[in-house]
Every structure is written in structure tokens, then in C-alpha cells.
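> sequence and predicted structure below; questions after.
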Amino acid sequence: MSLLDKWAGQVAGFFDEILLPDDLHVTLLRARKAVEQEQHSEALRLLSEIDARKPGMARVRELQGVAMIGQGDYQGAARLLHQAALQRPAARTFRTLALALELDRDWRAAREALREAQRLGPDRGEQFYIQHGLGRVYLGMRRPDKAVRELRKALRFDSEPEGVPAIDLARARVNLARALLKRGEPGEVHALMADLLPEAGADAGEVEDDAALPVGQALLALGDAEAALPHLSEVARRRPGQIEALVAAGRAALLANRPEQARSWLEHAAPRCDDADRVQVLTLLAEALLALGQAPDARLHLSRALRLRPDDPEALRVSAWATLAQVRPDPKALDSGEYELTEDDAQWVHGAEAQLARLRQLRPESSEALYGLGRCRMLRGDWSGARRFLSMAVAAGDDERAVHDLAVASAQTDGPAEAVATLTALLKRSLSPATRDALTALLDRLYSDLVPGVALPAGRDIVALTEAAQRVTAWIAETPRVHRFLAPAQRLVDALDAPLDVAIVGEFNAGKSTLVNGLIGESVVPTGVLPTTAHINVMRFGPRRTAQLHFKDGRVEEVAFPDVRKRLKRSGEDAISHLEYLYPHPELRRVHIWDTPGLNSPNAAHEAHARRALAQAEAIFWVCDASQALSESEKAQIDTIEDPTERLVVLINKVDRLGPPGDGRDEAVAEVRRHIDGVLGDRARGIFALSGLEGLKARTSGDEEALERSGLGPLLRFAEGEVFDRAARLKASVASRALRALAQELQEHGRLQIAHIDGLLGRVDALQEGVEAEEQEITGRLTQEERERLASGVDFLLMLIAREVSEAMHPNSRLIDALLPRAELEPEDVEFVLELTVERFGDLLKRSEERVNKALLEVEQRFVDSVDALADRLDPEDARTARRRLEAYLSEARALRLLLGQRVYGRYRLIAEGRATGPEVGALIARQARQPRDLPEEERKAALKALLPDVEGQLEGHLEAWAREYFDAARRLCDLLRGDLDVLRVEAAALSRVLASPDDAEQEGTPPADGEAP
């Protein structure tokens, strides 16, 4: 055993101190030699013979302890070595005891044994091993700072190597290297490793035999198996009987992905090692065989290892993975949650899960055990359980398999936003390209679940635009956080679904209503010499002829066509918003015709209605009287029209007033047309001359020739082939712009939310920093003050007790003392003293607990106020979530404060009460009562200390342990709040993905950078 190979030389010299019969002396020498040769079973047999004839010898127990260490029975060794150390205290014995405790992972007991060895004043050689042992123990306790300090002390013996072999100094350097690595100082580690190599260079063949093994072990500890392998292989070749070298070479080969070489070294080691090493060798050999695809042989070796040591952690770990290797799920089916275990696979998973659960009991922080348990839950379809274990595995280590499977489990169990937050955090880790690609693909899929990611059509396809707008609107309706955008989104959808709006506009009495009737083919809208169209009249499709009056107060009233005039007069113009004429005409399924008030109406409200039509309609038929075409006021209004070349058609109406059909009318119409051309240029889509009255008569009579002569026929064909189709394209253009604008508003809203959430995340960070500062204040100043106050109070209490005892035995009256001397206290006096002690001590504890609780409540209130202020800056629903979490924290904090009274102060109360009722307490007080009256008070107090628990030595530690748990509750709340805010940030950032232009398609697969909108 590497840790014991120098023991025999260190115990030489004490045999001549023991007078034994010659035959026992020879047996003892044989036992010692067996220990040197690592024949531990033979050594124990010989030592048992000695113990049977001369029981209880310290040296025999010490040798038995060393042999038991070699057999791996560390607890039995510690028991024997402890007995030997008590019989004959020596630094060497306590150090060997510490070694047994160290190997049993009882770090604190090992540290105390080494400290006892130091107190016994060891020589300088022994001091090296004590300091080295302390360094190893502190490494086991995860205290690298202290380990470095002790190991540096040990290595000071490098300049005075008497009694300290070079190999042991090298091992100390190796452990110092490990401690420095854990402290994050790799540079010094490399320098330290260089010191272990001869000046000739780092070639393995030139390394001194004693240094080669620790150099290789150090490089292996540094994670450089490739560099370690030549050193370890050289030692293993030169020293084929050195088990430690063979095992280390096998481990290095395995880590360097050379399983065949690992197998060779480990097969050499297997028959040569004892039971303590055999488990390790069989386990490593099984790993090599698994890598070579020889699973049956691997399971055989693992079965042997676990028979030798059922709870060996490494054997359990490798065996569990060898068992899980029998289950080969389809990766896609497993990741999608569609995989189902077969009956045989379920048995394999059950067996692996049992071994991993045991491994976790042995090593609670083992990331391998946690990942394996998570993997088993995945295979069983328990995604919530899988996520829990995988989260712990990722927190405990850097296993990329756990990272990948946690991402998959998060996608299965969490909402899309929470899963995106989880994956975004995982992608910040250092990952292999394959794992990063897999997580990125999963992230894209999650974003598609989180937001629609609608592609904006490249052209002006009204159907595609309508579908895109409907998808965006449906998503907004399902997402409460963006409901503020629902109304404009729905208006956009309604506008795309609605028929084209064609506005009939012009100055009053230009024949607009007559033209509307002509376009429909029936007298529907009222006409007359006065501007009867006081409101916008919308002609749309309906199953029957009827009119609807839409009032400004929201009421809608349906009346028959003939009754419209009467109803308008009765209601008054000011009460009506607009009129809708429903007509079962097939053309009105795709076109709404707006008949508007005259632009030059004396009523300002009429002009406002007309201007609204100019702004909203997809096509505008501008009707002007042939006798006064395009007045100055009309030209001013036309100048306000957007996209006139797409939307505007000028109609020269009432050409019948220019004379009967023939050359005279044609010439007059041509003159009017030239005038309009000169005014508008190319700003109109078309110009038509017609008689709306003649056209209406022709349509109602069915006279096609008259319809052509009226000019209405050419207008109808033009409207069908040019205006309506082009208006549809224009509607698509407007809708595309509106959809983009909506997406930009969503994105801007997301940016504002991100800025707001980032500010809140900063508050959470500050909140957590405050928690850390408050904890330091409580565990530092307050606990120290309470310890000092209680110590002072206990000291005063002991003084009172001492006086009570003294006065009870020696009254102040000298006469009474002389006449009635007392040999001892009466039982009632003892009872009174004990009751007084417990009562006063309880009062001290109560006041201390009250002071601590008061300080904690002040801290808690500051924390609660900060969280409450943060919640005030959240949306109502998110604020409710934050406050529910705060309520849970307050419940936990109340429970923890109760535990303060039970676990800390209650513990001391119970100890005091228990001691007060113990049989030895009366004797203690009786002894004090018999002490001379003039005994110094300090001596009395010192003797009476046994009545009370040691608050001075223990209270501070107990309070600090409890306070860490108390403040952990606040830290957990901070973590929960941070997680909630991260999810909100993801949702806000995802708003930039709601709508994607064709140019963005190539960027869809790129995850967002930290701090940017995804």
C-alpha cells in the first residue's frame, strides 16, 4: 500500500522495549515482516497468536491496525489504533490512527488525531508525515487553502531530508499540486511538476524511479492522461510487481482512450493485488473491456468486484453504466418522449437505477450518480424526475451528456419560455460542436412553440398576407402579455377579410348617389337636388334588401329601404354615425361602395365624413359635374390623396347636360377631359365621361346599347379589370406595411421589456449581495457578541451558585456556624441550587434568543421590503407570482426561527435540565459544599462549570450553522425570482421572432447572443 510502505521502518526500534518470551518475540518479528510484505492476513494470524497469550499489548494492537488498513478494514483499524494510542500515546501511533480515519473518510476525526500527534512533540521526520497527513485531510474536507498551507510546511523538510525519503517528498508535492489546482493556481502546479523532473529533461526514461510515479500521478490528476501515460508505463515496466504503478498506468491508458493497453496493465495487476486493491483493478478492467465492446466479460469482473465490496462506489458506477448499456433506445424517439421500454429493458433500467441510488447514498454529490438516475428516469418516461436529477448533475459537474439530456428534459416538462431560458443558460457553457448543434436545433424548435415565427410574404399575395395576419392575431390572443396589441391586429385581419372599399367622392350635387345606383343597377340610395347624403352610406352584401342605421351611441336599427328618409328625419342627422345598405348583389360580396357627403357641403361634419373616405378607401371614384369639372376646392382635396395613380378614377358625370348624344356632346366632353388632364397630369388611374342617370335607366331596362352610350358600360368593364384588381394589390401593400409596423411595435415593446427586466435582474443581484452581507453580519458580529454575552452571563451565574452553596454550608452568622456546623447540604438545599441554576440559565438563553430573533426580524423586514418593491414593478400577474414566492419564503423563515429555539437554544436547555437531574450532580454540589470557606471563587466556579453546557465553546458554531440554513432560504427566493425574470426576458426577447421577413430566414437557426433579443 502506497500510504503504508514506509511504516515498517518507522516502527523499528520499539521491539527491544518489550520483554517477550523468545518464541513470541520471533512471532512478532514474523508478523512485522508480513506487514512489510503486505501479507496482511498472515500478519493478523500471527498477531492473534501473540494476543491470545499476552493480551492487550499496545504494539500488537498497533500492528493489527496497520494490517487491517492494508485489508481495507479502516474502521476496525481505527478502533485498535485508538486503543493503542490511549495505552501508549506516541506521535507515530496517532498519525497511523489518522491514516485509518482518513481512508475511512472521517476527515474531522483524522484531523484531531494528527493534531494530537503534533501535541506529543514529534521529531522532525515524524512532523513531515503529520503535516502531509493534515494536507491530505484538508483536501478531503474540501479546504484547499488549508491543505496548501500544511503541505508547504511539510515540504520545508526538502532541505533537511533526514528520515524523509524522496518518494514521500514527491508525493507531498503531488498533493500540493492537487490542492493548488483546487485553488485555481495551475501555473504554480506546472512549476511544481517541473521540480519533480531531473535536470536532464522530462523524458520518461530519464525520470528518477522514485519521482516517475508521482509525476505521472500528478499529470493524471491534472487531467493530462496522455502526458502521464509514458511516465506510468515506464514505472510499470521496470517494476512489474508494483501494484500502484500498474493500476495508475491502466487508469491513464483508459483515460487516454487506449483500452487495449489499459487492459494489458490491469490484467497484470489483477492476480498480484490483495482484496483491497482487487476491487479497484476489477472495476478499471471492466471499464476497459466495455470500451472494447466485451460487455459480458466486463459484467463478470464487476460482479466479482461487488461481491468483494458491495458498496464500492466505482464498482457501482461502472456496473450501473454497463447495465444501462444493454438498453439501446432510438435517440430521436427518446428525445421526443415517444420511446417505450420493453419488459426486458425495464429490468435492466431497474437494476441500474438501484445501483445508482446506492452510489448516491455513498457519494451524495456524485454527478455521475445524479446523471445516471436522470437517464433512468428519461428511459422510464418520468420527465419531471429526470429534470430534477439532471439539474443537480449539471450543477455538480461538467458532463456534456447531462447538459444535453437536461435540455431535452426541460423541453419536455417546462413551458417554452422556461425551456428557452434553460437552454440559453446551457449554451453559455463550454460545449463540443455536436452538443452545441443539438441544443441550438432544440432551441429553434422551442422558439417555434413560443412564438409563431410567421414569414412575411415577399409579394402582395392577399391570401398569404391574410393567413399571416390571422396567425399573428391568434398568437396575440393566446398570449396575455401582449393583449394590448390585439385590437390593431384584429383590425388588420378584419381589413384583409373585408371586401374592397370603393368610395364615391365629389362635391355635393355631382350625381354621386345616382352613380352608386347605376353601379348597382337599381335605385337604392336617395337622390335629389339637395345634398341628401349627409353621412357615409355603405353599400354591402346582405341576404335581403334592408338598411341599417348605425347610431353614434352604438345602437343599430334596421329599416326597410323606402323608410330610410323618414327614419333619418325623425332621428336627426347628429345622432347617426353612418348608414349601411344591405343588398343581395353578387358583386357586393367583394366590393363595398361608399356613398359620401359632398365635399362642398355647408355642413362641416359632411366634409369630415368625405375626407375620412378619402383616407380609408382602397379605390376612389371622384365624381365631378361636367359643367364645372374640378373646381379649386376639388383640386385641393385631390392633392391630399395618397397613391392617386393607384386609387383615383375621375368620373365626368352628367354629360347628358352637355347636349344630346352626337358631335356636340363629344366635343364638349373632350374639352372637359383636356381640362382635367391638364390639372391632374398622370395622377389619376383613369378618366371616364358618363351620364349616371342614363346609365341607371339603361341598366334597369337591360338596354346594353344605351348602357354603352351612357358611358357607364366602359366604366364597369374598367372597374372590373383594372380598379378592383389593382385595389386588391394596393390593399395587400397597405396590409404588408401594417403587418410590418405591428411586428416593429411588438419588437420595440420587447426591447423596452428587456431593458425593464434587466433592471429588475440587477435589483435581484443587489438583493442577493445584501443577503450575503447580512449573513456575514449575523454570523460574524452578532454570534460573537452573543457568545460573549452568554459566557459573561454564565460566569456570573456560576458565581451566584458558588455563593449559594457556600452560604448554605457556612452561614454568615459565626455563632450559628460554630454551634450548628454542617457536614453536608440538605437535599432541599441541593434541589434549590439546581432549580436556581436551570431557571437562571434558561433566562440567559431566552434573552439571547430574543436578541437574535430581533436582529433577524429587522434583516427579514428589509429583505421583504426589497422584494415587495421589486414586485411593484412587475405586471399584476407576475407580481402575484413574486408575492406568492415571498409568502412561501416567510413561512420557511418562520419555521427556521422556531428551529432556532429548538435546535440551538432548546438543545442547551435540555442539556442543562438533563444534567440537573443526573445522579452525579448531587455529588458534585456536595463536593463543592465540603470545600473550605476561603476557597477562591474562581476555583469554585471552575468546578461548577460541569452543571452547564459549554456555550462559550459551542454557541457560536451552532448559531453560524443555523444562520447559514436561515439565509439559504433567502438565497433560494432570489434564485426563484431570477429564474422568473429570466423567463420573462425570454418571452420579451422572443417578440422579435413573431414575424420574419424573407431576408431573415437564413438567420433563423442562430441563437441569440447574451443580452440581445433572440
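Noted; the coordinates are in hand. Quantities reported herein were computed from a predicted structural model and do not represent experimental measurements.
> quick one: mean pLDDT over stretch 351-363.
Predicted confidence along stretch 351-363 averages 93 (mean pLDDT).
> can you give me how far that stretch is from the chain middle?
What separates the centre of stretch 351-363 from the centre of its chain is 25 Å, taken as CA atoms, centre = their mean, to the nearest Å.
> can I get the CA coordinates of that stretch in CSV?
Below are the C-alpha coordinates for stretch 351-363, written out as CSV (Å, rounded to 0.1, in the frame of the first residue of the first chain):
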residue,chain,number,x,y,z
GLY,A,351,-31.1,-2.8,-11.9
ALA,A,352,-29.0,0.2,-12.9
GLU,A,353,-31.2,2.5,-11.0
ALA,A,354,-30.8,0.5,-7.8
GLN,A,355,-27.0,0.6,-8.1
LEU,A,356,-27.0,4.4,-8.9
ALA,A,357,-29.3,5.1,-6.0
ARG,A,358,-26.8,3.3,-3.7
LEU,A,359,-24.0,5.2,-5.3
ARG,A,360,-25.7,8.4,-4.5
GLN,A,361,-26.2,7.4,-0.9
LEU,A,362,-22.4,6.7,-0.7
ARG,A,363,-21.5,9.9,-2.7
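> now it: buried residues?
Of the residues in stretch 351-363, 351-353, 355-356, 358-360, 363 count as buried by neighbour count, 16 or more other CB atoms under 10 Å. No exception for glycine: its C-beta is placed from N, CA and C like everyone else's.
> I'd like these as TSV, with distance to Pro144 appended.
Conversion of the buried residues of stretch 351-363 to TSV gives the following (distance: CB to CB, whole Å):
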residue	distance to Pro144
Gly351	38
Ala352	34
Glu353	34
Gln355	31
Leu356	29
Arg358	29
Leu359	25
Arg360	25
Arg363	19
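> for Glu694, state which of the residues you listed is nearest.
Of all the buried residues of stretch 351-363, Glu694 sits closest to Glu353, with 92.4 Å by CB to CB.
> my reading is that Trp594 lies in a strand. Confirm?
Yes. Assigned with DSSP: H, G, I helix; E, B strand; the rest coil, Trp594 falls within a strand.
> which pLDDT value goes with it?
Note for Trp594: predicted pLDDT of 87.
> before we move on, the earlier item: so which of the buried residues of stretch 351-363 are in helices?
351-353, 355-356, 358-360 (DSSP state H).
> farthest pair in the residues you listed?
Using CB to CB, the two most remote members of these are Gly351 and Arg360, lying 15.4 Å apart.
> can you tell me the closest non-neighbouring residue to the residue most central in space within the chain?
In the chain, the centroid-proximal residue (CA atoms, centre = their mean) is Thr422; its distance is 5.5 Å. Counting by CB to CB, 6 or more residues apart in numbering, Thr422 lies nearest to Ser410, which is 4.2 Å off, once chain neighbours are set aside.
> His404 too?
Nearest to His404 is Thr435, by CB to CB, 6+ apart, at 5.5 Å.
> give me the pLDDT value at Glu667.
We have a pLDDT of 88 for Glu667.
> pull out the buried positions in the host helix or strand of the residue nearest to Thr422.
If you go by DSSP states H and E, Ser410 is part of helix 400-413. Residues 400, 402-413 are the ones in helix 400-413 that count as buried (16+ other CB under 10 Å).
> separation between the residue nearest to Thr422 and Tyr371?
Using CB to CB, to the nearest Å, we find Ser410 at a distance of 15 Å from Tyr371.
> follow-up on the earlier one: turn the buried residues of helix 400-413 into TSV, including distance to Lys654 and pLDDT.
Converted to TSV, those look like this (distance: CB to CB, whole Å; pLDDT from 0 to 100):
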residue	distance to Lys654	pLDDT
Glu400	83	90
Ala402	85	93
Val403	81	93
His404	79	92
Asp405	81	93
Leu406	79	93
Ala407	75	92
Val408	76	92
Ala409	78	92
Ser410	74	91
Ala411	71	90
Gln412	74	91
Thr413	75	90
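> I'd like those residues written out as JSON lines, with distance to Gln637 added.
Shown next, in JSON lines, are these (distance: CB to CB, whole Å):
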{"residue": "Glu400", "distance to Gln637": "70"}
{"residue": "Ala402", "distance to Gln637": "71"}
{"residue": "Val403", "distance to Gln637": "67"}
{"residue": "His404", "distance to Gln637": "67"}
{"residue": "Asp405", "distance to Gln637": "69"}
{"residue": "Leu406", "distance to Gln637": "66"}
{"residue": "Ala407", "distance to Gln637": "62"}
{"residue": "Val408", "distance to Gln637": "64"}
{"residue": "Ala409", "distance to Gln637": "66"}
{"residue": "Ser410", "distance to Gln637": "61"}
{"residue": "Ala411", "distance to Gln637": "59"}
{"residue": "Gln412", "distance to Gln637": "62"}
{"residue": "Thr413", "distance to Gln637": "63"}
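> nearest to Arg471, of the residues you listed?
Of all the buried residues of helix 400-413, Ala411 has the smallest distance to Arg471: 22.3 Å, by CB to CB.
> off-centre distance for whichever helix in the chain runs longest?
Ranked by residue count under DSSP H, the longest helix found in the chain is helix 724-777. Mean-position distance between helix 724-777 and its chain equals 22 Å (CA atoms, centre = their mean).
> that one - what's its average pLDDT?
Mean predicted lDDT for helix 724-777 stands at 88.
> mind giving me the packing neighbours of it?
Helix 724-777 sits against helix 462-478, helix 486-497, strand 500-506, strand 619-625, helix 644-647, helix 827-872, helix 951-989, strand 995-996, with contacts defined as 3 or more CB pairs under 8 Å, 6 or more residues apart in numbering; DSSP states H and E.
> averaged pLDDT, the third one. What do you get?
When the per-residue pLDDT values of strand 500-506 are averaged, the result is 87.
> tabulate the CA atom coordinates of the helix or strand that it is followed by in PDB.
Scanning forward in sequence from strand 500-506 by DSSP H and E, the next helix or strand is helix 512-520. The C-alpha coordinates for helix 512-520 follow below in PDB (Å, rounded to 0.1, in the frame of the first residue of the first chain):
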ATOM      1  CA  LYS A 512     -72.800  60.600 -56.700                       C
ATOM      2  CA  SER A 513     -75.800  58.800 -55.400                       C
ATOM      3  CA  THR A 514     -77.200  58.300 -58.900                       C
ATOM      4  CA  LEU A 515     -73.900  56.900 -59.900                       C
ATOM      5  CA  VAL A 516     -73.900  54.500 -57.000                       C
ATOM      6  CA  ASN A 517     -77.400  53.300 -58.100                       C
ATOM      7  CA  GLY A 518     -76.100  52.900 -61.600                       C
ATOM      8  CA  LEU A 519     -73.100  50.800 -60.500                       C
ATOM      9  CA  ILE A 520     -75.500  48.500 -58.600                       C
END
